[in-house]
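Colleague: next come a sequence and a model predicted from it.
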Amino acid sequence: MSSAASTVVSASQDNQDYIQFCDYLEQSSGITLGLNKAYLVKNRLSAILQRNGVANLREALHKLQHGNEQQLKLEIIDAMTTNETSWFRDQYPFDYLKDSLLPDLKNRQVTMPRIWSAACSYGHEAYSISIIIEEFLQKNPGAFPAGIQIVATDISSRVVESAAKAEFDRLAIARGLSDERKNKFFTPLAEGAYRLKENITKRVRFQRANLLESYALLGKFDIIFCRNVLIYFSNINKSQIMDKFAQSLNQNGTLILGASETVTNYSNAFEMVKCPRGIVYRHV
Ligand SMILES: C[S@@+](CC[C@H](N)C(=O)[O-])C[C@H]1O[C@@H](n2cnc3c(N)ncnc32)[C@H](O)[C@@H]1O
């Protein structure tokens, strides 16, 4: 075979391996990659494959599909996640929590409200929720005598472990946090890093969970934040996840999606609620 012909054969083999990897990734995590993301897979996986003594994507796929390679599977899915996040991202969900959802839970005398930050990344969302709750309780002492629980989950064990430490370096602390809140709720560490205080961390529990799997063990919630992740998922996975969210919500529970995500066309279990500068969804 000429060298030009063998290059074509190997390029088409690489292409087939990439397509099979995309199928595997979608089935195991819901994450869909476009046809033009082969470079991303290569960049993100090369160190992992090398460390695990795996020659190429084809061998990795074989191990993932036919072997008992739990650690390799976790590392690969972990590496393919996009963990972009910030404090008080988009602002309006947190204003709505403060101005509408928490007062409503207080008026209905809900004993111990539960909030889920699904796909929590490094914890900025769950901790932003906890800061809003702390500020609300300072103005409404005794509002929730049994406390409020926040459960924060992500498919990536790397981000969940990092979030649970509640320590943020100079870059991770910077985005979206006012100096006033930083000084009030964080303790400075070395080199521009900060640690959240216990009054904010105490109501947040982190654990690894895959949105494609069952949520039954997490219990029921009054509010679910699931933002900026379903955008990567297929329509069928979006529908199934939204229907499972409905089953995980208490009556009148609220689902808050990312600014470019919607329930419309995916689930009949919610009605749209317009709030200042955004939309949230109430379970009907
Ligand atoms: C872009 S971040 C969004 C973080 C946060 N919700 C926000 O809006 O700032 C998306 C997160 O979804 C997580 N993720 C991706 N697929 C997931 C799945 N199947 N189950 C749970 N989390 C998933 C990723 O690990 C990543 O941390």
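Modeller: Nice, thanks for sending it over.

Colleague: is the ligand within reach of the host helix or strand of residue 243?
Modeller: Assigned by DSSP states H and E, residue 243 belongs to helix 235-248. No. Residues of helix 235-248 are not located near the ligand by C-beta under 6 Å from any ligand atom, the shortest gap being 8.4 Å. No exception for glycine: its C-beta is placed from N, CA and C like everyone else's.

Colleague: which parts of that helix are buried?
Modeller: Neighbour-count burial for helix 235-248 flags 237, 238, 239, 240, 241, 242, 244, 245, 246, 248 (criterion: 16 or more other C-beta atoms under 10 Å).

Colleague: now pLDDT and distance to residue 118 too, for these, in TSV please.
Modeller: Output for these, formatted as TSV (pLDDT from 0 to 100; distance: C-beta to C-beta, whole Å):
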residue	pLDDT	distance to residue 118
237	97	13
238	97	13
239	97	16
240	97	14
241	98	9
242	97	11
244	97	10
245	98	8
246	97	13
248	98	9
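
Colleague: which of those sits closest to residue 13?
Modeller: When the buried residues of helix 235-248 are compared for distance to residue 13 (C-beta to C-beta), residue 237 wins out at 28.6 Å.

Colleague: for the closest one, what are its contacts?
Modeller: 26, 30, 212, 230 (C-beta atoms under 8 Å, 6 or more residues apart in numbering).

Colleague: stretch 36-49: how far from the chain's middle?
Modeller: Put simply, stretch 36-49 sits 22 Å off its chain's centre (C-alpha atoms, centre = their mean, to the nearest Å).

Colleague: that older thread, can I get the contacts of residue 237 in CSV with neighbour count and secondary structure?
Modeller: Formatted as CSV, the contacts of residue 237 follow (neighbours: other C-beta atoms under 10 Å; DSSP: H, G, I helix; E, B strand; the rest coil):
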residue, neighbour count, secondary structure
26, 17, helix
30, 22, coil
212, 17, coil
230, 24, helix
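
Colleague: out of these, who's near the ligand?
Modeller: 30, 212.

Colleague: what is the neighbour count of residue 258?
Modeller: Neighbour count of residue 258, defined by other C-beta atoms under 10 Å: 17.

Colleague: does it touch residue 230 like I think?
Modeller: Yes. Assessed by C-beta atoms under 8 Å, residue 258 is found in contact with residue 230 at 7.4 Å.

Colleague: so what's the residue count around residue 193?
Modeller: Using other C-beta under 10 Å: residue 193 sits among 16 other residues.

Colleague: was I right to think it contacts residue 166?
Modeller: No. Judged on C-beta under 8 Å, residue 193 makes no contact with residue 166 at a distance of 11.1 Å.

Colleague: quickly list the domain ranges of the protein.
Modeller: 3-80, 92-283 (automatic domain parsing).

Colleague: mean pLDDT lowest for which of those domains?
Modeller: Ranked by mean pLDDT, the domains of the chain end with domain 3-80 at the bottom, a mean of 88.

Colleague: thinking again about what came up before, can you redo the buried residues of helix 235-248 as JSON lines with distance to residue 136?
Modeller: Listed next are those as JSON lines, based on distance: C-beta to C-beta, whole Å:
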{"residue": "237", "distance to residue 136": "34"}
{"residue": "238", "distance to residue 136": "31"}
{"residue": "239", "distance to residue 136": "34"}
{"residue": "240", "distance to residue 136": "33"}
{"residue": "241", "distance to residue 136": "29"}
{"residue": "242", "distance to residue 136": "28"}
{"residue": "244", "distance to residue 136": "29"}
{"residue": "245", "distance to residue 136": "24"}
{"residue": "246", "distance to residue 136": "26"}
{"residue": "248", "distance to residue 136": "23"}
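
Colleague: all good on my end, thank you.
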